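1. no sequence for this one, just the structure:
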């Protein structure tokens, strides 16, 4: 089998996502996606990666990963666009491998360690993260961002009725942006604690609450927030600090009883290793299409397991990232959660793939289709907002 084409698809409706399709001479097409700076990603894929990939055997997945990472990302300091592009390509190659042998990817990673993957709901709406950034001020169907600001009790009850027992919110972000992460007053602390308290008063301990920080805080304020949250039985504190400052994360970890999670902002096992060696985190989060694809994510999961830590998979990206995480979580003995955004799954994911995941009683069931488990719908490439670029084997 040989790679005959590399195709990128960028949709104006979801400009933060880039889809990557790898074509082969046997007619098998593998697909991945990744996130942010889509134009730059496409430029790297067609200008740099495609010339190296065309004509190669797509089943030499590790060899291809090493070639792209060693010659580009590691050599020239490209830990952003290059690694995300490599990640999407890698997922597409695993998709090809699975299709070629008629097996879902998780079976090729050693088989299932569990029969389903628990989920939590990241409480954004259908347009969460899409420019212009979604506002808090409009209620509507699946507008979970509005709901946790305004009706957190109702949202918690609604999620529990669906069997979802975990919800992630970010009640301190507005203050962090306003104060540049440097300080937080007693009144501002109360502002952030209010939805947390209301959820606890409404549903008690039946709902697990995850707090996202988006890296907006400096250490003193982050410690103050953590200590104020301790009485509310928080599942974890996620990225209160930017992930590159491992010393600060370790200091936060040592000053709170809440488990500290880090971080989908890290890429490759080389950045996760110092975090683990320092004992800075209690839980490891990774995003398979940011950190190096399925190939590298599988290694990071094993690395975390070596340190006795659980892993959880990130997805605020796209349907192929979600499924890549599910396959990894099914195979990893130390996986605890797959992040989901129910508003994504029930709206725009359905516009681009014929099926993504099956959720039952708060957990995702194993995909049954070979490879990644889905594909781009045929009409996606013909959409008026689609920009399609193809590099072909001459």
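-> On my side now, so go ahead. Values in this document were obtained by computation on a predicted structure and should not be read as measured data. Numbers count the residues shown, from 1 in each chain.

2. List phi and psi for the closest residue to residue 345 other than its chain neighbours.
-> Closest residue to residue 345 apart from its sequence neighbours, by Cβ to Cβ, 6 or more residues apart in numbering: residue 356 at 6.0 Å. Any C-beta I mention is one placed from the backbone N, CA and C, and that applies to glycine too. The phi/psi pair for residue 356 (degrees, to the nearest 10) reads phi -120, psi -70.

3. my read: residue 356 touches residue 374, true?
-> Yes - the pair residue 356 / residue 374 is scored as a contact, 5.9 Å apart, by Cβ atoms under 8 Å.

4. what touches both of the two?
-> Common contact partners of residue 356 and residue 374 (Cβ atoms under 8 Å, 6 or more residues apart in numbering): 319, 323.

5. three-state assignment of residue 10?
-> Secondary structure, DSSP: H, G, I helix; E, B strand; the rest coil: residue 10 is strand.

6. what's residue 261 in contact with, if anything?
-> Applying Cβ under 8 Å, 6+ apart, we find residue 261 in contact with 210, 236-239, 281-285, 312.

7. can you give me the strands in the stretch 251-394 of the chain?
-> Along the stretch 251-394 of the chain, the stretches classed as strands by DSSP state E, counting those that start in this stretch are 260-262, 283-286, 311-313, 335-340, 359-360, 363-364, 386-392.

8. Format those strands as TSV; extra columns: distance to residue 131.
-> Shown next, in TSV, are those (distance: least, Cβ to Cβ, whole Å):
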stretch	distance to residue 131
strand 260-262	26
strand 283-286	24
strand 311-313	25
strand 335-340	21
strand 359-360	28
strand 363-364	29
strand 386-392	16
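
9. nearest to residue 80, of those?
-> Closest to residue 80 of those is strand 283-286 (Cβ to Cβ; 15.8 Å).

10. circling back: report the contact partners of the residue nearest to residue 345.
-> Contacts of residue 356 (Cβ under 8 Å, 6+ apart): 319, 322-323, 345, 349-350, 373-374.

11. Of the residues you listed, which is the nearest to residue 27?
-> When the contacts of residue 356 are compared for distance to residue 27 (Cβ to Cβ), residue 374 wins out at 17.5 Å.

12. tell me the phi and psi of the closest residue to that closest one other than its chain neighbours?
-> Nearest residue to residue 374, sequence neighbours excluded (Cβ to Cβ, 6+ apart): residue 353, at 4.4 Å. In terms of degrees, to the nearest 10, the main-chain angles of residue 353 are phi -130, psi 150.

13. show me what contacts residue 353?
-> Going by Cβ under 8 Å, 6+ apart, residue 353 touches 319-320, 374-377.

14. got a winner among these for most neighbours?
-> Using other Cβ atoms under 10 Å as the neighbour test, the contacts of residue 353 are led by residue 320, with 32 neighbours.

15. Tell me how far the nearest residue to that residue once chain neighbours are set aside lies from residue 172.
-> Leaving aside its sequence neighbours, residue 320 sits nearest to residue 33 (Cβ to Cβ, 6+ apart; 4.3 Å). Per Cβ to Cβ, to the nearest Å, residue 33 is found 30 Å from residue 172.
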